[in-house]
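**Student:** Coordinates for the following, if possible.
(one chain, ligands or ions: 1)
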Amino acid sequence: MSRTTEPTEDSARRIDDHTRDVIGRLADGADRLTFPMTRSVPFGPPPAYAELRSKCPVAPADLFGHDAWLVTRYDDVREALSDDALSADITRPDYPQGPAGKANRALATSGLPAFLRMDAPLHDDLRRLVTRDFMIKRVEAMRPGIQGIVDGLIDDMLAGPKPADFFEAVASPLPNIVISDMLGIPHSDHEFFQDRTTYLFRRDVTDEERAVKLSELNDYVYELLDSRNANPDLDPEADIVSRLVHDQLRTGKLDRRTVQGIVFILLVAGHETTGNMTALGTLALLQHPEQYRALGEDPSLAPLAVEELLRYLTILNEPNWRVAKEDTVIGGRQIKAGEAVVPLTFSANRDEKHYDNPDTLDIRRGARDHLAFGYGIHQCLGQPLARVELQVVYSTLARRIPTLRLAVPLEEVPFKTDVDIYGVHTLPVTW
Ligand code: HEM
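**Tutor:** Below you'll find the predicted structure:
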């Protein structure tokens with residue numbers, strides 16, 4: 001397996017002339033692409049994706065010095081994400097580590113075993129311990145509470161000065177308050193998490209800066225488990241952390257690092273994602289005022305609107321990269337053991353063979369089969385929760401503040417082109 005930027009003889013031989021032509025044009029003469037590619041501000045994928053889908057759907061790429069294949073079509077992305085020959089295990093020596101600043105690396109060096117980065121069967125065993133907390137029925141029971149949180153945040157925003165930063169006022173605190181309640185940790189730690197989790201996904205900070213933030217987060221989770229464990233009257237039904245400490249840690253079924261890894265991933269995984277999706281989805285609706293109005297007049301559109309916004313925006317540019325444990329075939333292309341595979345869900349969600357007019361936002365579309373939550377065994381555990389939060393926040397905004405609008409020209413909105421999870425740094429709004 002080559003780790004240089006030169007293609008191996010092997011992979012070069014497997015690229016046919018047609019592929020070489022397409023790639024050469026897109027990559028300025030080179031015979032493989034470089035990745036990642038930059039999204040088109042505000043809501044579009046990198047322009048090359050559409051051409052790759054039609055002319056070279058599984059394309060050779062240089063992934064920070066690692067031989068990789070970009071998978072661009074909807075059907076092929078699903079095939080890749082459900083292929084047991086592909087591993088998500090970041091501790092494998094042949095797993096592509098990415099640039100110094102990549103969250104992948106940060107999470108790996110945290111040394112915590114998180115099931116997001118494991119293969120079956122261990123992945124399944126650990127995920128099962130928290131599956132029930134995110135089941136639809138359980139999450140639906142939380143809807144009135146989530147509605148109360150959203151109403152409270154909007155009340156505070158409306159009572160404050162205009163314009164307001166919607167990201168700071170509503171989008172960022174919402175997922176934090178909800179997951180904090182589920183884990184049994186104080187809301188007042190919000191700013192601490194906001195700052196630390198954002199660092200994990202930024203591309204413009206040094207390894208050292210990220211390591212400091214990461215170890216602060218780790219220390220926090222460590223102390224959280226310690227204080228629960230020290231409580232002689234621990235109620236295992238009080239929250240997820242108490243249950244894990246009671247059932248797993250105290251019984252010795254799991255070691256401390258493994259429990260810490262589960263809590264860590266629950267704390268981090270839903271925060272940046274849902275916060276950015278809330279803000280970016282609101283912006284997309286405001287840019288399509290007739291659809292924002294329609295949602296305000298008919299709240300039953302909310303579930304459809306959420307699926308369409310997830311598809312259209314696909315804020316996670318791609319799920320975690322995979323590496324082939326053995327030779328396999330994706331989309332008809334031979335993948336060799338040790339080569340990386342990047343399933344481009346954003347491209348899949350804009351595949352014209354799967355969705356009519358995929359580049360158009362249509363909140364009535366009914367796009368529930370989108371891949372914004374991934375696919376296969378790692379498909380987002382928190383998706384029922386994210387769905388309810390997003391349904392409540394978009395429909396409440398459209399109903400309560402029909403005059404909501406951007407307070408600055410679109411060009412002045414600071415988009416997160418420098419972060420792995422797309423969104424906005426701030427969203428100045430007025431009403
Ligand atoms: C709009 C919001 C969200 C988006 C777009 C999103 C997206 C994703 C994606 C694409 C994956 C798959 C990663 C892969 O295959 O490598 C994933 C996994 C995961 N997500 Fe989410 N997520 C969101 C919200 C949440 C929330 C609220 C939680 C709750 C804690 C959560 C917890 C997780 C966990 C634990 C995993 C790992 C699942 C596994 O490996 O089995 N996510 N998410």
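**Student:** where's Ile15 relative to Leu86, distance?
**Tutor:** Note on Ile15: its distance to Leu86, by CB to CB, to the nearest Å, is 20 Å. (Each C-beta comes from the backbone N, C-alpha and C, glycine too.)
**Student:** swap in Met157?
**Tutor:** From Met157 over to Leu86 the distance is 43 Å, taken as CB to CB.
**Student:** More neighbours: which of those two?
**Tutor:** With neighbours defined as other CB atoms under 10 Å, Met157 and Leu86 compare such that Leu86 has more, 24 against 21.
**Student:** Okay, and the beta partners of the residue nearest to that one when sequence neighbours are not counted?
**Tutor:** Counting by CB to CB, 6 or more residues apart in numbering, Leu86 lies nearest to Arg322, which is 3.8 Å off, once chain neighbours are set aside. Per DSSP bridges, the residues bridged to Arg322 are Val341.
**Student:** need the contact list for Arg322.
**Tutor:** Contact partners of Arg322, counting by CB atoms under 8 Å, 6 or more residues apart in numbering, are Ala80, Leu81, Asp83, Leu86, Ser87, Ala88, Ala340, Val341, Val342, Pro343.
**Student:** out of the residues you listed, who's nearest Ala238?
**Tutor:** Ala88 (31.7 Å; CB to CB).
**Student:** how about the closest one, phi and psi?
**Tutor:** phi -110, psi 10 (degrees, to the nearest 10).
**Student:** what sits against whichever residue of the stretch 301-431 of the chain sits closest to the ligand?
**Tutor:** With distances taken as CB to the nearest ligand atom, the stretch 301-431 of the chain approaches the ligand most closely at Gly382, which sits 2.0 Å away. The neighbours of Gly382, taking CB under 8 Å, 6+ apart as the test, are Phe134, Leu266, Ala269, Gly270, Thr274.
**Student:** and if you look at Val77?
**Tutor:** By CB under 8 Å, 6+ apart, the residues touching Val77 are Val71, Pro343, Leu344, Thr345, Ser347, Ala348, Leu371, Tyr375.
**Student:** Let me know the pLDDT of the closest residue to Pro47 other than its chain neighbours.
**Tutor:** Nearest in space to Pro47, with sequence neighbours left out and distances taken as CB to CB, 6+ apart, is Ser40 at 6.3 Å. For Ser40, the pLDDT comes out at 92.
**Student:** Bridged to Ser40, which residues?
**Tutor:** Listed by DSSP bridges, the beta-bridge partners for Ser40 are Gly44.
**Student:** Tell me how many other residues surround it.
**Tutor:** Residues within reach of Ser40, counting by other CB under 10 Å, total 12.
**Student:** Look up how far the ligand lies from it.
**Tutor:** Between Ser40 and the ligand the distance, using CB to the nearest ligand atom, to the nearest Å, works out to 19 Å.
**Student:** Name all residues that make contact with Val268.
**Tutor:** Taking CB under 8 Å, 6+ apart as the test, what Val268 contacts is Thr197, Leu200, Leu217.
**Student:** Can you report how many residues neighbour the second one?
**Tutor:** Residues lying near Leu200 (other CB under 10 Å) number 23.
**Student:** Tell me where this protein is predicted with low confidence.
**Tutor:** Where the chain drops to pLDDT under 70, the residues are 1-13, 99-111, 203.
**Student:** at 50 instead, please
**Tutor:** With pLDDT under 50 as the threshold, the chain has low-confidence stretches at 1-5, 101, 103.
**Student:** just the strands in it please.
**Tutor:** Ranges of strands in the chain, per DSSP state E, are 33-35, 58-63, 66-71, 86-87, 164-165, 322-324, 328-330, 333-335, 340-343, 405-406, 428-430.
**Student:** Which residues does the third one contact?
**Tutor:** For strand 66-71, contacts defined as CB under 8 Å, 6+ apart pick out 1-3, 7-8, 11, 33, 35, 52, 57-62, 77, 80, 96-97, 321, 330-331, 333, 335, 338-344.
**Student:** just how off-centre is the longest helix along the chain within its chain?
**Tutor:** The helix that spans the most residues within the chain, counting by DSSP state H, is helix 207-230. Centroid separation for helix 207-230 versus its chain: 22 Å, with CA atoms, centre = their mean, to the nearest Å.
**Student:** what do you get for stretch 401-416?
**Tutor:** 23 Å.
**Student:** just stretch 361-377 next, same as before
**Tutor:** Average the C-alpha atoms of stretch 361-377, do the same for its chain, and the two points are 14 Å apart (CA atoms, centre = their mean).
**Student:** Quick check: end-to-end length of it?
**Tutor:** Across stretch 361-377, the straight-line distance between its terminal residues is 29 Å, by CA to CA, to the nearest Å.
**Student:** Quick one: check that stretch for contact with the ligand.
**Tutor:** Yes. Stretch 361-377 lies within reach of the ligand by CB under 6 Å from any ligand atom, at Ala372, Phe373, Gly374.
**Student:** List the residues that contact the residue lying closest to the second one once chain neighbours are set aside.
**Tutor:** Using CB to CB, 6+ apart and skipping residues adjacent in sequence, the residue nearest Phe373 is Cys380, 3.7 Å away. The contact partners of Cys380, taken as CB under 8 Å, 6+ apart, are Ala269, Phe373, Gly374, Ala386.
**Student:** Out of those residues, which is nearest to Arg20?
**Tutor:** Top of the list for closeness to Arg20, among the contacts of Cys380 and by CB to CB, is Gly374 at 31.1 Å.
**Student:** thought that closest one was touching Phe346?
**Tutor:** No. The pair Gly374 / Phe346 is not scored as a contact, 11.9 Å apart, by CB atoms under 8 Å.
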